[in-house]
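In: please work out how this folds:
(one chain, ligands or ions: 2)
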Amino acid sequence: MSSFEVTVLGASGGPIDGKTCALLVKPASLSYAEILATNDCESVVAIDAGTSLSGIGEAIMHHQRLQPKTLKDMPFSDFYLQNSPQTNLLLDFYRDSLPLKQYINVPTTTPFQELCELAPLEYAALLLRLLSCYCVTHPHLDHVAGLVINSPVFCDYGIPRKRIHGLRQTTEALQKHCFNGVIWPDLARDFLSMSVMEPEKWYPLNLHYSVLPYELAHGKTNGDKDVYTSTAFLLKDTTDSYLLVFGDCESDVHSDHPRNFAVWTGVAPLIRDGKLKSIIIECSTPSMAACINLYGHLSPDFLIQELLTLERCVRQVEPGCNQPLMGLNILIYHVKELFTSSDPRRKILSELEALNKRYNMGIVFSVAFPGVTYLL
Ligand SMILES: [Zn+2]
Ligand SMILES: [Zn+2]
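Out: Ligands and ions are numbered 1, 2, ... in the order given. Alright, predicted model coming up:
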């Protein structure tokens, strides 16, 4: 049974603006209408905020526009996937994209369905005011631009301060380089609180979730001298179910600072016990010749290498297991747009499927799209 309801607000790895990485996570049993009705600040977690207010507003707008046209013999979530061209804007950029449904192999839902009375942006702002908890994987602009630009919505002493959870590198960079009074007003002083986390320790987030951050390597910085740190968040709910969300990262195969292995050994027992519901991970570009610089990102061939490592880690805790990742849902996001007529998501998904088959892994891959809510 699914435990985590994940609404994708943005899923692009750039270079386009406006649709970059952002997720909302909440329990599927709780609706956004209930959250608004009870002024519930402690049930939703945002992971990254490349886009935020516009992503929520657009998702609500599409729900409102489609609802009067719903077919009686089809669940609204299916109807939504088939009939919302704006939600698959990232597909409409290309000439050979498949229908949205063909990229999605997990159940979806439409959590904004009951929000019909107010205008979309009114609802979006109300939800954003209630959202008190952000986990930020790293401070690259495609992961924080929405948090910065939307921040005037937070400037109200009547609502709880936003808690920004991240490793020290992330929280310090946001304070020093974004909310510094130059790039953007220093709202952190009154309306945000930076919650610094140490790697591989558990932290409570709200009523439903706690989180454990893992450090990741995401290319080099400072003239190639230092590793740029990103984060994978392991989210745990009150039923002891887990969701693993990666920020941008490179493969251990070609990293001077291999850090993914610690994540895989950490979650292997959870996979053995059937507690890890899903992995959300970047796959920025289709596979390329090994000599091409991936700038600290993954492509299908390197992602599969990582997942083969995960398989080995699970076999270590469950000797004799034949297909340790059989049936595991993996949601691909942070695909970088290409300036060609061919859809990079279609290519990445077909490369992953071919490798999945070649290595007989049995993984269930889906692709993340803005406006779609996945039940994981
Ligand atoms: Zn990124
Ligand atoms: Zn990045």
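In: going by C-alpha atoms from here, please, whenever you check contacts or count neighbours.
Out: Noted.
In: now tell me what touches the lengthiest helix in the chain from outside.
Out: In the chain, taking DSSP state H as the definition, the longest helix is helix 300-317. Residues outside helix 300-317 that contact it (Cα atoms under 8 Å, 6 or more residues apart in numbering) are 251-253, 260-261, 264-265, 268-269, 271-272, 283, 285-287, 321, 323-325, 348, 351-352, 355-356.
In: and the helix or strand just after that helix, how far from the chain's centre?
Out: Downstream of helix 300-317, the first helix or strand assigned by DSSP states H and E is strand 329-333. On the basis of Cα atoms, centre = their mean, to the nearest Å, strand 329-333 sits 9 Å off its chain's mean C-alpha point.
In: strands paired with strand 329-333, and their directions?
Out: Strands that pair with strand 329-333, judged by DSSP bridges, come out as strand 276-282 (parallel), strand 364-367 (parallel).
In: rewinding a little: buried among the contacts of helix 300-317? Need that as a selection in PyMOL.
Out: A single PyMOL command is used to select the members of these judged buried by 16 or more other Cα atoms under 10 Å:
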select buried, resi 251+252+260+264+265+268+269+271+272+283+285+286+287+324+325+348+351+352+355+356
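In: can you flag which of the contacts of helix 300-317 belong to strands?
Out: Among these, the subset assigned to strands under DSSP state E is empty.
In: among the contacts of helix 300-317, which are in helices?
Out: 260-261, 264-265, 268-269, 271-272, 348, 351-352, 355-356.
In: in CSV: these, plus distance to Ile164.
Out: CSV is the format used below for the ones in helices among the contacts of helix 300-317 (distance: Cα to Cα, whole Å):
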residue, distance to Ile164
Asn260, 24
Phe261, 26
Trp264, 26
Thr265, 27
Ala268, 28
Pro269, 29
Ile271, 29
Arg272, 32
Ile348, 32
Glu351, 36
Leu352, 34
Leu355, 37
Asn356, 36
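In: how about those in TSV, adding pLDDT?
Out: Output for those, formatted as TSV (pLDDT from 0 to 100):
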residue	pLDDT
Asn260	97
Phe261	97
Trp264	98
Thr265	98
Ala268	98
Pro269	98
Ile271	98
Arg272	97
Ile348	97
Glu351	97
Leu352	98
Leu355	98
Asn356	98
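In: contacts only, for the residue of the chain positioned farthest from its centre.
Out: Distance from the centre of the chain peaks at Gly320, with 32.6 Å (Cα atoms, centre = their mean). Residues counted as contacts of Gly320 (Cα under 8 Å, 6+ apart): none.
In: need the contact list for Ser3.
Out: By Cα under 8 Å, 6+ apart, the contact list for Ser3 reads Pro27, Ala28, Ser241, Lys277, Leu375, Leu376.
In: which among these gets closest to Asp190?
Out: Lowest distance from Asp190 to these (Cα to Cα) belongs to Pro27, with 29.4 Å.
In: angles on the backbone of the closest one, please.
Out: phi -70, psi 140 (degrees, to the nearest 10).
In: and the pLDDT at it?
Out: Looking at Pro27, its pLDDT stands at 96.
In: look up how far Glu34 lies from it.
Out: Using Cα to Cα, to the nearest Å, Pro27 is found at 12 Å from Glu34.
In: between these two, tell me which one has more neighbours.
Out: The neighbour count for Pro27 versus Glu34, taken as other Cα atoms under 10 Å, is higher for Pro27 (19 against 11).
In: which residues touch stretch 242-250?
Out: Residues outside stretch 242-250 that contact it (Cα under 8 Å, 6+ apart) are 4, 137-138, 216-219, 230-236, 270, 275-282, 294-298, 334.
In: that stretch: end-to-end distance?
Out: From the first residue to the last, stretch 242-250 extends over 23 Å; the measure is Cα to Cα.
In: what's the average pLDDT for it?
Out: Across stretch 242-250, pLDDT averages out at 97.
In: please save the CA atoms from stretch 349-368 in CSV.
Out: C-alpha atoms of stretch 349-368 as CSV (Å, rounded to 0.1, in the frame of the first residue of the first chain):
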residue,chain,number,x,y,z
LEU,A,349,13.2,6.1,-19.8
SER,A,350,13.8,3.8,-22.8
GLU,A,351,17.5,3.5,-21.9
LEU,A,352,16.7,2.7,-18.3
GLU,A,353,14.1,0.1,-19.4
ALA,A,354,16.7,-1.6,-21.7
LEU,A,355,19.3,-1.7,-18.9
ASN,A,356,16.7,-2.9,-16.4
LYS,A,357,15.9,-5.8,-18.7
ARG,A,358,19.5,-6.5,-19.5
TYR,A,359,20.4,-6.9,-15.9
ASN,A,360,17.1,-8.5,-15.0
MET,A,361,16.5,-6.1,-12.2
GLY,A,362,12.7,-5.8,-12.2
ILE,A,363,12.6,-2.2,-11.2
VAL,A,364,9.5,-0.1,-12.0
PHE,A,365,10.6,3.2,-13.4
SER,A,366,8.4,6.3,-13.8
VAL,A,367,9.1,9.9,-14.8
ALA,A,368,8.2,12.9,-12.6
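In: pull out the buried residues from it.
Out: For stretch 349-368, by 16+ other Cα under 10 Å, it's 349-353, 355-356, 361-368.
In: which ones are touching Ser12?
Out: If you count contacts by Cα under 8 Å, 6+ apart, Ser12 has them with Lys19, Thr20, Cys21, Leu90, Tyr333, His334, Val335, Lys336, Glu337.
In: how close does Phe191 sit to Glu353?
Out: As defined by Cα to Cα, Phe191 lies at a distance of 45 Å from Glu353.
In: thinking again about what came up before, so which of the ones in helices among the contacts of helix 300-317 comes closest to Pro185?
Out: Nearest member of these to Pro185, counting by Cα to Cα, is Asn260, at 35.8 Å.
In: that closest one is in contact with Leu216, isn't it?
Out: Yes: Asn260 is in contact with Leu216 according to Cα atoms under 8 Å; the separation is 6.4 Å.
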